[in-house]
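Colleague: 3D, please:
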Amino acid sequence: MTKDNDGQMIVKPSADGLALSLSALPKRGPPPVHLWNPPYCGEIDIRIARDGTWFHEGTPIGRPGLVKLFSSILKREGDRFFLVTPVEKVGITVEDAPMLALDFDVTDKGKDQVLAFKTKTEDIAEAGPNHPIRVDRDPKTGEPSPYILIRANLEALIDRKSFYRMVDLCVHENVAGKDWFGLRSSGVFFPIIPSADLT
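Modeller: Numbering: from 1, shown residues only. From the prediction side, this is the model:
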């Protein structure tokens with residue numbers, strides 16, 4: 001512990017402190033992160049790697065339950081990511097997207113196919129109007145990086161094997177006068193790559 005200029009004790013944010021704060025909350029449903037606006041308390045040495053692995057002070061967090069707990073209190077503000085509780089907000093490092101989609105199921109609902117993605121932290125999102133898919137392409141290599149919006153401005157990177165499965169489901173459609181190779185889910189067409197780039 002250190003003291004500020006007024007002699008008040010400053011408690012450095014810690015992973016244990018966050019977990020302890022959350023243990024006192026009711027267990028029903030996901031934490032209402034969107035309602036919490038606590039003061040910023042500094043940075044904490046937590047990093048989410050591109051492959052979805054969480055690190056604390058350089059060491060992978062080996063407790064899946066703790067990772068799931070922390071992922072439930074993720075919040076994005078602009079380009080920054082935070083873990084929030086009702087009383088504190090701490091900054092963390094995210095290499096790419098804060099989540100990783102590992103798989104998806106395809107079901108038919110009426111005339112529409114629906115793709116339901118599952119993340120490494122067990123979030124589930126059905127691609128559609130509320131959970132759009134987007135694909136970035138590396139300007140140098142052209143390599144695609146696909147993402148799906150999971151919740152509250154938080155995206156998951158879709159892993160390579162799932163992306164290849166998605167491509168098998170793709171069709172060609174005309175969008176605003178341009179032909180695209182893309183994917184349909186929940187009645188929405190998500191462009192993946194211009195059809196002309198496939199020739």
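
Colleague: which SSE is immediately downstream of the longest strand along the chain?
Modeller: If you go by DSSP state E, the chain has its longest strand at strand 99-109. Sequence-wise, the next helix or strand downstream of strand 99-109 (DSSP states H and E) is strand 112-119.

Colleague: for this structure, which segments count as helices?
Modeller: Listed in chain order, the helices found in the chain under DSSP state H are 15-23, 64-71, 160-168.

Colleague: tell me which residues in the last one are buried?
Modeller: What that stands for is helix 160-168. 162-163, 166 (16 or more other C-beta atoms under 10 Å). The way it works is simple: take the backbone N, C-alpha and C, and place the C-beta from them, glycine included.

Colleague: other SSEs contacting it?
Modeller: strand 99-109, strand 144-151 (3 or more C-beta pairs under 8 Å, 6 or more residues apart in numbering; DSSP states H and E).

Colleague: same thing but at 10 Å, please
Modeller: Packing partners of helix 160-168 (3 or more C-beta pairs under 10 Å, 6 or more residues apart in numbering; DSSP states H and E): strand 99-109, strand 112-119, strand 133-137, strand 144-151, strand 154-158, strand 178-185, strand 188-194.

Colleague: alpha carbons of it, as PDB, please.
Modeller: The C-alpha atoms that make up helix 160-168 are tabulated as PDB, following Å, rounded to 0.1, in the frame of the first residue of the first chain:
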ATOM      1  CA  ARG A 160      -9.600 -20.500 -38.200                       C
ATOM      2  CA  LYS A 161     -11.400 -23.900 -38.200                       C
ATOM      3  CA  SER A 162     -14.800 -22.100 -37.700                       C
ATOM      4  CA  PHE A 163     -14.000 -19.600 -40.400                       C
ATOM      5  CA  TYR A 164     -13.300 -22.400 -42.900                       C
ATOM      6  CA  ARG A 165     -16.700 -24.000 -41.900                       C
ATOM      7  CA  MET A 166     -18.300 -20.600 -42.500                       C
ATOM      8  CA  VAL A 167     -16.800 -20.400 -46.000                       C
ATOM      9  CA  ASP A 168     -18.400 -23.700 -46.900                       C
END
